[in-house]
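> Fold the stuff below for me.
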Amino acid sequence: MIKVWKCRICGNPYLGDEAPTQCPFCGAPGKYIIHAAEYVNPNPVKDLEETDKKNLEEALKLEVSATQFYACCEGTAESGEDKTMFHALMKVEREHASLITKALSIPEAETGTEPCNSPLENLKESVRREVHATEVYAKSAAEAKDPRVKEIFQALTRVESEHIDMLKPKVG
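Numbers count the residues shown, from 1 in each chain. Predicted structure coming up:
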């Protein structure tokens, strides 16, 4: 029987017999997927500590930049598989930016494209960006005062780490 599920990280709904192993929108691990009836909207985060606010704002810049970069990479990719991968990465990073704007209670960020390079250089740059994001998010999770902010950064750290695992073999 089909049920309605929601991701505690991005808040998006999912219809299925069972909860997915990962959120199909933000990539969060399945442990964050709950029955929709149990979902309580955690946004915006109330009374943010200055460090949490600063870290969320830095994360938003990283996610918007990644969205723009992956949009360019999709256009320059040589294989259909890489085009599809970069499109999916762009959508996930855009979803991350969206969830951060909800937590901060600010308008959605404008997205466009950032310049990119050759397909191989784009893959290398993708790994570099994902490693950097993982490091920033792990540090931000450790510094987080608010439980919701900690949860966001823990989930993002995991998702970005999985992106690294997917991208590294393509670089060689």
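> When you work out contacts or count neighbours from here on, use the C-alpha atoms and nothing else.
Fine.
> which residues in the protein form strands?
Shown for the chain, the strands assigned by DSSP state E span residues 3-7, 13-16, 33-35.
> which one of those strands lies closest to residue 120?
Closest to residue 120 of the strands of the chain, according to CA to CA: strand 3-7, at 33.8 Å.
> JSON lines for the strands of the chain, including distance to residue 137?
Formatted as JSON lines, those follow (distance: least, CA to CA, whole Å):
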{"stretch": "strand 3-7", "distance to residue 137": "19"}
{"stretch": "strand 13-16", "distance to residue 137": "25"}
{"stretch": "strand 33-35", "distance to residue 137": "21"}
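> May I see the ones you listed organised as a markdown table, with mean neighbour count and mean pLDDT added?
Converted to a markdown table, the strands of the chain look like this (neighbours: other CA atoms under 10 Å; pLDDT from 0 to 100):
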| stretch | mean neighbour count | mean pLDDT |
| --- | --- | --- |
| strand 3-7 | 20 | 98 |
| strand 13-16 | 16 | 97 |
| strand 33-35 | 20 | 97 |
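> So this structure: which segments form each domain?
Domains of the chain are assigned by automatic domain parsing as 3-38, 50-171.
> what sits against residue 93?
26, 63, 64, 66, 67 (CA atoms under 8 Å, 6 or more residues apart in numbering).
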